[in-house]
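> Would you be able to build a 3D model of this:
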Amino acid sequence: MQKEKYIRFDRYLNNELSEGEINSFEEQLKSDADFKEDFEIYSALESSLRSKFENEEEALVLRKTLSDLGSHYIKQGENDKKETKVISLFRFRNLMIAASIALLIGFFLFNNGRSPVYDDFAQHNSLELAVRGDNNEAVSKAEAAFNSKNYEEALKQLTILSNNYPNDTEISLYLGISQLELNNYAEAETIFNAISGGNSALATKAVWYKALTFLKQKKLEECKEILKTIPESAEEYPQAKSLLKKLS
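Residues are numbered from 1 along each chain as shown. Next up, the predicted model:
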């Protein structure tokens, strides 16, 4: 969970979030004091590390520093516990945050040259379906399963809903995402093709997920060709541009 949060911080700082994701992020900064504090620590460390280590020789020093930093702070925290028996929870928490953030920033700095992978970009919006009526139980189960990343159960419940609401594009999209998460690539692609070929508000999002389907299979050339079709006006364009840049 912490790693996902720091990846979100990094994407925010590098302008890789969609407009909707940016609004959600900034709302959380206003309403969640711990989230804001973690972000401020992350931002300060990220800025400091990037400005201090600007050439390859210094980067080698940073690599070693980061590799030891987590264990150093953890050991320090344990020693403080042994010596005083009572450690400031606030201080210990900030030490752990600083250590884990520094290690993760090190991961970002030293893996910029690697090919991007599916998990770098598979950030799904929460499932909140509008349909109700006689399908309340299936809707509730589908939402709970998808949002907890239980994609097998989500697929089961979304299939039931899709049979009852064959023209509901949102249900179809999340059914496709569940298929993709379960590595059922052909099924996922069929769904995304059907949505992207229509006129719904989710058509471009389906194109984005089709690109991710190729990315997850490491079909990078096919992925790039799909990404190039996403227009600048689309909500998914910043992510598509970022991924395309990393693939180039």
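> and the gap between Leu227 and Gly20?
Relative to Gly20, Leu227 is positioned 19 Å away (Cβ to Cβ, to the nearest Å). C-beta here means a position set from N, CA and C on the backbone, and glycine is covered the same way.
> So for the two, which residue has more residues nearby?
Comparing Leu227 with Gly20 by other Cβ atoms under 10 Å, the one with more neighbours is Leu227, at 25 against 10.
> Give the buried residues for stretch 216-233.
Of the residues in stretch 216-233, Lys216, Cys223, Lys224, Ile226, Leu227, Ile230 count as buried by neighbour count, 16 or more other Cβ atoms under 10 Å.
> same check, this time on stretch 25-35
Residues of stretch 25-35 classed as buried under the neighbour-count rule (16+ other Cβ under 10 Å) are Phe25, Phe35.
> tally of neighbours for Asn23?
Neighbours of Asn23 under the rule other Cβ under 10 Å: 11.
> Quick check: it vs Leu17, distance?
9 Å.
> Now do the buried residues in stretch 175-194.
Along stretch 175-194, these residues count as buried under the neighbour rule (16+ other Cβ under 10 Å): 175-181, 184, 187-189, 191-192.
> Columns pLDDT on top of those, output as TSV?
Rendered in TSV, the data for the buried residues of stretch 175-194 read as follows (pLDDT from 0 to 100):
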residue	pLDDT
Leu175	98
Gly176	98
Ile177	98
Ser178	98
Gln179	98
Leu180	97
Glu181	97
Asn184	97
Glu187	97
Ala188	97
Glu189	97
Ile191	97
Phe192	97
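> Going by distance to Glu128, which of the residues you listed wins?
Each of the buried residues of stretch 175-194 was scored against Glu128 by Cβ to Cβ, and Ile177 proved nearest at 13.9 Å.
> Contacts only, for the closest one.
His124, Phe146, Ala188, Tyr209 (Cβ atoms under 8 Å, 6 or more residues apart in numbering).
> My read is that the second one contacts Ser178, right?
Yes: taking contact to mean Cβ atoms under 8 Å, the distance of 6.7 Å between Phe146 and Ser178 places them in contact.
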